[in-house]
Structures are given as C-alpha cells and as structure tokens.
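S.K.: Take a look and give me a structure for this.
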Amino acid sequence: MSDENIKTSEEPETIDVGDAYKPPSEEIAVDILSSSYSNVTYMQVAPRDVVLDFLAFPSIRRENKNVVSGVRIYMSHAAARSLAEKLGKLLEDAYKDGKIEELKFTKTEDVGLSTKISRPTTEELV
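M.R.: Numbers count the residues shown, from 1 in each chain. The predicted structure is shown next:
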C-alpha cells in the first residue's frame, strides 16, 4: 500500500465507541446460550462486582456428595442495581394488574412444615 492511498486530515477526528453498544434494534438478535430453573439464589457483593448463584434444590447424590446444580452470573454494581429495580417494578405491576396472585408468606413455625419423610406403619396403611 502506498502512502498516497492513506487519507489524512489536519482536523482531529472523534470516534464514539459507545455507538458499538447501541446498534439499531433491527440489527439485534438474542442468542440464549442456556436456560436453567432456580428456586434458591445466593448473592454476594464484591468491591467491583455482584455475584449471583442461581441454584436448583434438591441436590443430587453423586460420588458420595450432595451436588447442587447452579449457574453463576457476575455483573457490575450498576447492572445489579438496574436488575433489582426492574425486577421489583415488574413484580409490583404484575401484582397490581392481577396477572399473578401476590404471595402471602406465613412463618414456618405457624404452619408446622417439616422436611422429614417417614414411611407409614402397617397399621396406618390399613
């Protein structure tokens, strides 16, 4: 390539790299890499990131250990705050519009729930 093919300008040129993060909506296609069910979330806040572990209980016994399946997501504090605000608004609107019934939580000791399972005796089966 010869030097005469290179365009030069006396004026400084400014490039906005933010434009790369704002493509036109018709150019966006979502590619979901995986999906998982989670009924427990463990969260940690680190100095630079927020860590969300989405876990699925009950665990599975494998090689003499109880293994819990999960997915770990790292995000910035700004992204985590945005997620919390949007999720809160989404649920609030869904309850308000009657799309879903608002969950009423009762203390476990008031309900008498247990995680213990027992086999009925012969007399109980008759």
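S.K.: could you pull out the helices for this protein?
M.R.: In the chain, the helices defined using DSSP state H lie at 77-96, 108-111, 122-125.
S.K.: Which of those helices sits closest to R48?
M.R.: Closest of those to R48 is helix 77-96, at 7.8 Å (criterion: C-beta to C-beta). Yep, even glycine has a C-beta here, placed from its N, CA and C like the rest.
S.K.: so how far is the closest one off the chain centroid?
M.R.: 12 Å (C-alpha atoms, centre = their mean, to the nearest Å).
S.K.: buried sites along it?
M.R.: A80 (16 or more other C-beta atoms under 10 Å).
S.K.: which strands and helices sit next to it?
M.R.: Packing partners of helix 77-96 (3 or more C-beta pairs under 8 Å, 6 or more residues apart in numbering; DSSP states H and E): strand 49-62.
S.K.: strands paired with the strand it packs on, and their directions?
M.R.: Its sheet considered, strand 49-62 pairs with strand 40-45 (antiparallel), strand 65-76 (antiparallel) by DSSP bridges.
S.K.: Comparing the ones you listed, which comes out most buried?
M.R.: Most buried of these, by mean neighbour count (mean count of other C-beta atoms under 10 Å): strand 65-76, with a mean of 12.
S.K.: just to revisit the earlier point, can I get the strands paired with strand 49-62 in CSV including mean pLDDT and distance to E10?
M.R.: Below are these laid out as CSV (pLDDT from 0 to 100; distance: least, C-beta to C-beta, whole Å):
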stretch, mean pLDDT, distance to E10
strand 40-45, 91, 50
strand 65-76, 94, 39
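S.K.: can you put the ones you listed in a markdown table and add distance to I100?
M.R.: Converted to a markdown table, these look like this (distance: least, C-beta to C-beta, whole Å):
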| stretch | distance to I100 |
| --- | --- |
| strand 40-45 | 19 |
| strand 65-76 | 24 |
